[in-house]
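In: any chance you can model this:
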Amino acid sequence: MANPPKIIVGIPTLNEADTISNAVLVIDKGLAKYFNNYDCQIVNVDNNSQDGTADEFNRTKTINKKIHLNTDLPGKGRNILKLFHRAIGTLRSFVPFRMTMVFGVGNARNVFLFSSVL
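Out: Numbering: from 1, shown residues only. Predicted structure coming up:
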């Protein structure tokens with residue numbers, strides 16, 4: 001069995017097929033550059049987007065592992081709760097961070113980082 005991740009970056013989404021790939025690539029590049037000594041995972045928690053967000057996320061080639069999760073009920077809060085559950089089940093103990101990242105003009109998004117090593 002592979003080592004569990006030490007760092008999880010979570011991206012909550014709803015119908016963001018046109019921007020998810022760029023966000024994942026920027027996050028992956030940053031993880032590879034600054035945290036290459038740790039097992040990292042990028043997690044997309046989506047509200048059952050109808051525009052192909054999950055497909056775009058899964059098609060995006062990354063250095064770090066990725067996982068896509070769906071929430072059945074709408075709301076960003078449900079996405080964040082599912083991210084916390086993933087972090088608790090995977091990392092056991094962690095420090096959560098919320099960051100606002102800008103991925104181009106007019107395209108800011110909240111991402112969540114959970115780390116058991118920082």
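
In: how about the strands in the chain?
Out: 7-13, 40-46, 65-70, 95-102, 108-115 (DSSP state E).

In: where does this protein have low pLDDT?
Out: For the chain, the stretches with pLDDT under 70 are 1-2, 92-109, 114, 117-118.

In: contacts only, for the residue lying closest to residue 52 once chain neighbours are set aside.
Out: Computed as CB to CB, 6 or more residues apart in numbering, the closest residue to residue 52 that is not its neighbour in sequence is residue 17, at 4.4 Å. All C-beta spots, glycine's among them, are computed from the backbone N, C-alpha and C. Contacts for residue 17 (CB atoms under 8 Å, 6 or more residues apart in numbering) come out as 49, 51, 52, 53, 55, 56.

In: count of neighbours near residue 75?
Out: Residue 75 has 12 neighbours, counted by other CB atoms under 10 Å.

In: any chance of the backbone angles for the residue lying closest to it once chain neighbours are set aside?
Out: Of all residues not flanking residue 75 in the chain, residue 47 sits nearest, at 7.1 Å (CB to CB, 6+ apart). With angles defined as degrees, to the nearest 10, residue 47 sits at phi -90, psi 50.

In: same check, this time on residue 18
Out: For residue 18, the backbone dihedrals (degrees, to the nearest 10) come out as phi -80, psi -10.

In: separation between it and residue 6?
Out: According to CB to CB, to the nearest Å, residue 18 and residue 6 sit 31 Å apart.

In: residue 110 is in contact with residue 10, isn't it?
Out: No: contact criterion CB atoms under 8 Å: residue 110 and residue 10 do not qualify, at 9.4 Å.

In: more neighbours: those two, which one.
Out: Each of residue 110 and residue 10 has its neighbours counted (other CB under 10 Å); residue 10 has more, 26 against 13.
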